[in-house]
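Undergrad: attaching a predicted model along with its sequence, questions to come.
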Amino acid sequence: MIVLGIESSCDETAAALVRDGRHVLSSVIASQVAVHHRYGGVVPELASRQHIEAIDEVMREALSQSGLDLAKVGGIAVTRGPGLIGSLLVGFSFAKAMAYALGVPWVGVNHLEAHIHALFLEDRSPEFPFVVLLASGGHTGLYYVTSFVSMEMLGQTRDDAAGEAFDKVAKMLSLGYPGGAVIDRLARQGDPGRIRFPRAYIDKLNLDFSFSGIKTAVGRYIAEHRNDYRERVADIAAGFQEAVVDVLVYKLVQAARAKGCRRIALAGGVAANSRLRERLKREAADEGAEAYLPSPALCGDNAAMVAAAGYHLLGSGRRSGLADDVFSRKASGDAGSFTKS
Ligand code: KG4
Ligand code: ZN
């Protein structure tokens with residue numbers, strides 16, 4: 001079955017056609033970075049307006065790149081939340097209307113669950129069960145995945161998400177928005193051992209995260225070295241990134257050990273981080289485990305992952321209806337395929 005995926009939870013308007021939750025026929029992403037860049041972050045009102053302007057064209061482009069017409073679409077999957085309400089509403093209403101007009105089944109998808117499905121779009125994808133670290137701009141957590149539609153949460157951040165810490169530190173260093181990719185690049189020119197920032201393990205057996213402390217520590221360093229920190233920006237970036245990566249990799253490996261699982265994976269925007277990818281591959285080899293990483297293009301927000309998740313949800317009988325609505329926060333909405341341990 002061919003599923004049309006639609007994503008509009010934050011600052012990317014995306015549409016994709018995916019066959020059988022596995023083969024990407026087309027994937028189109030219209031980024032709004034140019035619009036939000038000057039404000040140093042996403043401006044929600046501007047984001048919704050941009051989605052409205054882009055969505056029709058993005059969907060048509062995805063169809064045209066796939067070489068298919070609408071009659072071939074067997075189902076529609078759309079991000080329901082978490083995300084910015086105004087942004088989500090654009091994609092969700094668009095998908096609702098399309099499904100109604102085409103007379104095909106449709107389903108709202110949890111955005112976090114969709115990120116995990118990016119793993120299944122690669123030629124080499126993990127078998128079940130596996131443990132995955134999902135690190136994005138809005139969320140960071142660990143999950144034990146036992147099927148396409150069952151994911152047990154093992155731990156999550158108690159405050160900031162890892163990507164959020166990257167973005168905030170980039171802002172403190174005046175590196176612009178979004179910050180993750182810039183810090184990643186800059187860190188390659190720095191020494192990760194020169195400035196040591198704290199590692200927030202909480203306690204070493206716990207699988208929760210906390211990233212607000214490291215953000216404060218970087219802020220304090222900048223304040224204490226007001227006159228010369230600019231000469232050390234690459235070392236600050238490298239030191240900060242190393243501290244975050246240490247904790248992420250440590251907890252992912254701990255989670256896999258706790259589950260006796262030898263397959264470990266990454267997902268979400270932060271999974272594009274080159275140091276995290278390198279470290280995970282090395283640690284997995286040391287553990288005798290297999291590492292699975294989505295290609296960088298599939299780590300960030302895209303609609304192919306939404307279509308993949310939707311394919312499996314539709315296959316398991318899940319349907320959304322015209323009365324359904326979007327949700328902004330994890331706690332307030334549709335838990336999707338997630339359960340708590
Ligand atoms: O998954 P995503 O595209 O959107 C959300 O669902 O939040 O994640 C975006 C986050 C941003 O915080 C961004 O700074 C971060 O992913 N990010 C990175 C890298 N590329 C994107 N963080 C670290 N290193 C990168 N290379
Ligand atoms: Zn995302």
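TA: Cool, got the structure. Ligands and ions are numbered 1, 2, ... in the order given.

Undergrad: ok, the residue most central in space within the chain - contacts?
TA: For the chain, the residue nearest the mean C-alpha position is G268 (2.7 Å; Cα atoms, centre = their mean). Counting by Cβ atoms under 8 Å, 6 or more residues apart in numbering, G268 touches H115, L133, L134, A135, S136, H139, T140, G163, C299. Glycine gets a C-beta too; all of them are placed from N, C-alpha and C.

Undergrad: okay, and which of these map to strands?
TA: Counting by DSSP state E, these place L133, L134, A135, T140 in strands.

Undergrad: so how far is L314 from the first one?
TA: To L314, L133 is 27 Å away according to Cβ to Cβ, to the nearest Å.

Undergrad: neighbour count winner among the two?
TA: Remark: of L133 and L314, L133 carries more neighbours, 28 against 22, as counted by other Cβ atoms under 10 Å.

Undergrad: ok, and does the longest helix seen in the chain reach over to ligand 1?
TA: Ranked by residue count and defined by DSSP state H, the top helix of the chain is helix 233-259. No: for a cut-off given as Cβ under 6 Å from any ligand atom, helix 233-259 has no contacts with ligand 1; the smallest distance is 7.5 Å.

Undergrad: and that helix, what does it pack against?
TA: Here helix 233-259 touches strand 130-135, strand 140-147, strand 150-156, helix 162-172, helix 179-187, helix 212-224, strand 263-267, helix 274-287, going by 3 or more Cβ pairs under 8 Å, 6 or more residues apart in numbering; DSSP states H and E.

Undergrad: winner for burial among these?
TA: strand 130-135 (a mean of 27; mean count of other Cβ atoms under 10 Å).

Undergrad: alpha carbons only: can I get that one in CSV?
TA: The C-alpha coordinates for strand 130-135 follow below in CSV (Å, rounded to 0.1, in the frame of the first residue of the first chain):
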residue,chain,number,x,y,z
PHE,A,130,16.0,-3.0,19.8
VAL,A,131,16.7,-0.1,22.1
VAL,A,132,16.6,3.4,20.6
LEU,A,133,17.7,6.8,21.8
LEU,A,134,15.3,9.4,20.4
ALA,A,135,17.0,12.8,20.6
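
Undergrad: that strand vs ligand 2: in contact?
TA: No: residues of strand 130-135 are not located near ligand 2 by Cβ under 5 Å from the ion, the shortest gap being 9.0 Å.

Undergrad: and the angle from that strand to helix 233-259?
TA: 150 degrees (axes from the mean of the first three to the mean of the last three Cα atoms, to 10 degrees).

Undergrad: just want the angle from strand 130-135 to strand 140-147.
TA: Using the same axes, to 10 degrees: strand 130-135 against strand 140-147 is 150 degrees.

Undergrad: will you turn the contacts of G268 into a markdown table that also has pLDDT?
TA: Below are the contacts of G268 laid out as a markdown table (pLDDT from 0 to 100):
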| residue | pLDDT |
| --- | --- |
| H115 | 98 |
| L133 | 98 |
| L134 | 98 |
| A135 | 98 |
| S136 | 97 |
| H139 | 95 |
| T140 | 97 |
| G163 | 97 |
| C299 | 98 |
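
Undergrad: for the stretch 101-250 of the chain, which residues are neighbours of ligand 1?
TA: 115, 136-138, 163-164, 166-167, 178-181, 184.

Undergrad: one step back: name the nearest residue to the residue nearest to the centre of the chain, sequence neighbours excluded.
TA: Using Cβ to Cβ, 6 or more residues apart in numbering and skipping residues adjacent in sequence, the residue nearest G268 is S136, 3.6 Å away.

Undergrad: for M98, same thing?
TA: Nearest to M98 is I76, by Cβ to Cβ, 6+ apart, at 5.9 Å.

Undergrad: over to S320?
TA: Per Cβ to Cβ, 6+ apart, closest to S320 is G108, 4.5 Å.

Undergrad: wait, a strand at that neighbour?
TA: Yes: according to DSSP: H, G, I helix; E, B strand; the rest coil, G108 belongs to a strand.

Undergrad: any weak-confidence spans in the stretch 201-341 of the chain?
TA: Along the stretch 201-341 of the chain, the model assigns pLDDT under 70 to residues 331.

Undergrad: for it, which residue gets nearest to ligand 2?
TA: D301 (4.3 Å; Cβ to the ion).

Undergrad: got the contact list for that residue?
TA: Counted by Cβ under 8 Å, 6+ apart, D301 has contacts E7, S9, C10, E12, A14, I29, G269.

Undergrad: gap between the residue lying closest to the fourth one once chain neighbours are set aside and C10?
TA: Excluding its sequence neighbours, the residue lying closest to E12 (Cβ to Cβ, 6+ apart) is D301, at 4.4 Å. If you measure D301 against C10 using Cβ to Cβ, the figure is 6 Å.
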